[in-house]
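**Q** Quick check, what structure comes out for this input:
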Amino acid sequence: GARREEVPSIDELRISGPLQKRSRDSSDPAEGLLTSSRFSSPFASFRRRVVSLSNAKWKERFFVLTEGQLHFWKSESDYENERRPKHSIDLRGYEVLVDTADSCWGFTLQPTTADGRRTWHLRAPSEDARVEWARRLVVAVMMSSGT
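**A** I've put the predicted structure just below:
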């Protein structure tokens, strides 16, 4: 018969890497410098450079996706030195939005209800990286919401 692809458990799904995060306070975002990425196994950790816009600038941050949570640190060295995350996002009740016309490889984590949680604007270093982050975030959102 047809071979069914196994879906990883939430404990097996782990993604990590620098991203750019957009700040809320600026109307003129600056594009951040991104570096190359590296992979390990498909559902083990992998590292990506992505940026987010914060205070009107795109800032590179190190993100780790694990167990339905997206955590970020100021830098990869903060993560490696076991500092506390700068912020953690519980992915339950979020959706992942990708604008394929965005030539800067952005994507958005948006709450599905108006409950005061913020919208997160992120940017990947390449289209391939954006597709991979978005795919893994969609899986994590679905697994964390039980759908």
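
**Q** can you pull out the helices in this structure?
**A** For the chain, applying DSSP state H gives helices covering 76-80, 127-145.

**Q** what's the most buried one of the ones you listed?
**A** Among these, helix 127-145 has the highest mean neighbour count (mean count of other C-beta atoms under 10 Å), at a mean of 18. In this view, the C-beta of every residue, glycine as well, is placed from N, C-alpha and C.

**Q** and residue 119, how many neighbours?
**A** 12 (other C-beta atoms under 10 Å).

**Q** Excluding residues flanking it in the chain, which one is nearest it?
**A** Computed as C-beta to C-beta, 6 or more residues apart in numbering, the closest residue to residue 119 that is not its neighbour in sequence is residue 110, at 4.8 Å.

**Q** how about low-confidence regions in the protein?
**A** Low-confidence segments of the chain, defined by pLDDT under 70: 1-56, 147.

**Q** Mind doing that once more with 90?
**A** For the chain, the stretches flagged by pLDDT under 90 are 1-69, 71-77, 79-80, 99-107, 114, 121-132, 143-147.

**Q** So which residues of it form strands?
**A** Under the criterion DSSP state E, strands of the chain are mapped to 14-22, 50-54, 57-66, 69-73, 87-90, 94-98, 106-111, 120-123.
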